[in-house]
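Colleague: Sequence first, predicted model second:
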Amino acid sequence: MIRIGILGDIGSGKTYVAQHFGYPVFNADYEVAKLYQKNKNIFKKLKAKLPKHIHSFPIEKKEILDAILANKNNLNKVIKVVHFEIRKKMNSFLKKNKNKKIIILDIPLLLENKINKKKDILVFVQSKQSDIIKKLKKRKNFNQKILKKFKSVQYSIKYKKKKSDFIIKNNFTKKSVNNGIKKILKKISK
């Protein structure tokens, strides 16, 4: 099985790129959102760590964002609680797809949480900063301060780019993404 990890800046289109490879995708953000909605155990753990902020189940994203804004250590508390569960979900995804030729890992903290393996193929999604900002501002819960907090727990874009085996230039058109993906699949299928 070939594991492809998708790297890039927040809002660069990592998920969009991951979905267009045409192989099973493990999307950590989606899994985290599901945990907030369906996992009572995660709710209890987060409520214990952030009693001033987490009040009701299912957990509302706004409660998490307010907690993160309130204190710089709260993001790390959330990551610690959620990370273990996400790793378990990823492992069951890998087991379920063990016979697939290729799988895609769309995990924002792939390198930071040392989830990647040495043989993984890392693909960096590169987008213009102005396009990213435009896209992020369209998001429902967009908040510049939250964005800075998330970036503070991530490696620099420069570092991620350097670690990558391939770069896909995403100008937010299907054509640019599909061309990049075709080139990568051609090279790794040899």
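Modeller: All right, it came through fine.
Colleague: Going by C-alpha atoms from here, please, whenever you check contacts or count neighbours.
Modeller: Will do.
Colleague: Could you list the domains of this protein?
Modeller: 1-24+100-190, 28-96 (automatic domain parsing).
Colleague: Would you mind measuring from the residue nearest the centre of the chain to Asn41?
Modeller: Residue closest to the average C-alpha location in the chain (Cα atoms, centre = their mean): Pro108, at 2.8 Å. As for Pro108, its distance to Asn41 is 23 Å (criterion: Cα to Cα, to the nearest Å).
Colleague: Same question for Leu75.
Modeller: Distance from Leu75 to Asn41, by Cα to Cα: 18 Å.
Colleague: Can you tell me the SS state at Leu105?
Modeller: strand (DSSP: H, G, I helix; E, B strand; the rest coil).
Colleague: all strands of this protein, in order?
Modeller: Shown for the chain, the strands assigned by DSSP state E span residues 2-8, 25-27, 102-106, 121-126, 166-169.
Colleague: which residues of the chain score low on pLDDT?
Modeller: 190 (pLDDT under 70).
Colleague: What is the longest helix of it by residue count?
Modeller: The residue-count maximum for a helix in the chain (DSSP state H) belongs to helix 74-96.
Colleague: Run through who's touching it.
Modeller: 26, 28, 31-32, 42, 45-46, 49-50, 67-68, 149-150 (Cα atoms under 8 Å, 6 or more residues apart in numbering).
Colleague: before we move on, the earlier item: residues contacting the residue nearest to the centre of the chain?
Modeller: Taking Cα under 8 Å, 6+ apart, one finds Leu7, Ala28, Asp29 in contact with Pro108.
Colleague: ok, the second one to Lys40 distance?
Modeller: In this view, Ala28 and Lys40 are 18 Å apart by Cα to Cα.
Colleague: Between the two, which has more neighbouring residues?
Modeller: The neighbour comparison of Ala28 against Lys40 (other Cα atoms under 10 Å) goes to Ala28, with 21 against 14.
Colleague: quick one on the thing from earlier: reformat the strands of the chain as CSV; add distance to Lys89 and mean neighbour count.
Modeller: Shown next, in CSV, are the strands of the chain (distance: least, Cα to Cα, whole Å; neighbours: other Cα atoms under 10 Å):
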stretch, distance to Lys89, mean neighbour count
strand 2-8, 16, 23
strand 25-27, 9, 21
strand 102-106, 12, 23
strand 121-126, 21, 24
strand 166-169, 26, 19
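Colleague: Rebuild the ones you listed as CSV, extending it with distance to Lys137.
Modeller: Shown next, in CSV, are those (distance: least, Cα to Cα, whole Å):
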stretch, distance to Lys137
strand 2-8, 18
strand 25-27, 22
strand 102-106, 22
strand 121-126, 18
strand 166-169, 21
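Colleague: Which parts of the chain are helices?
Modeller: So, for the chain - with DSSP H - the helices run 14-19, 28-38, 40-49, 61-70, 74-96, 129-137, 144-152, 157-163, 174-188.
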